[in-house]
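Asks: coords please:
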Amino acid sequence: MDVAFSPERQQMTALNNFNEQIREYYQQAVDCGRQADAQNDPKVKQQFLELKRLWLLLAQRCESKKA
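Replies: Take a look at the predicted model:
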């Protein structure tokens, strides 16, 4: 059965999906920060910190486009 949703409902669904995606980006940043903290090798630690920075940047840019 095909159910047609109103444009408002479709917009809300898209926004919810977008918000979930942004939350995932922030979670990736947190995970990278934890991985960095667990490293003994300074180069590997720096790589995880760079990944954290990039995940945060992606999340922030997505949030700014949402506004």
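Asks: ok, Leu49 - contacts?
Replies: Neighbour list for Leu49: Cys32, Gly33, Ala36 [criterion: Cβ atoms under 8 Å, 6 or more residues apart in numbering]. (Each C-beta comes from the backbone N, C-alpha and C, glycine too.)
Asks: switch to 6 Å and redo it
Replies: By Cβ atoms under 6 Å, 6 or more residues apart in numbering, the contact set of Leu49 is Ala36.
Asks: mind listing what's buried in the helix or strand harbouring it?
Replies: Counting by DSSP states H and E, the element that carries Leu49 is helix 42-66. Judged by neighbour count (16 or more other Cβ atoms under 10 Å), helix 42-66 contains these buried residues: Phe48, Leu49, Leu51, Lys52, Trp55, Leu56, Leu58, Ala59.
Asks: can you add pLDDT and distance to Arg9 and give these back as a markdown table?
Replies: Supplementary listing: these in a markdown table, determined by pLDDT from 0 to 100; distance: Cβ to Cβ, whole Å:
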| residue | pLDDT | distance to Arg9 |
| --- | --- | --- |
| Phe48 | 98 | 40 |
| Leu49 | 98 | 41 |
| Leu51 | 98 | 36 |
| Lys52 | 98 | 36 |
| Trp55 | 97 | 30 |
| Leu56 | 97 | 31 |
| Leu58 | 96 | 28 |
| Ala59 | 95 | 26 |
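Asks: got a pLDDT number for the residue nearest the centre of the chain?
Replies: When the chain is reduced to its mean C-alpha position, the closest residue under Cα atoms, centre = their mean turns out to be Tyr25, at 1.4 Å. You'll see Tyr25 listed with a pLDDT of 96.
Asks: what sits closest to it if chain neighbours are left out?
Replies: Take Tyr25 and drop its neighbours on the chain: the residue closest to it by Cβ to Cβ, 6 or more residues apart in numbering is Ala59, 3.8 Å away.
Asks: I'd say the one you found and Glu24 touch.
Replies: No. Checked against Cβ atoms under 6 Å, the pair Ala59 and Glu24 is beyond contact range at 8.7 Å.
Asks: still on that earlier bit, helix or strand: which one has the residue nearest to the centre of the chain?
Replies: Per DSSP H and E, Tyr25 falls inside helix 7-37.
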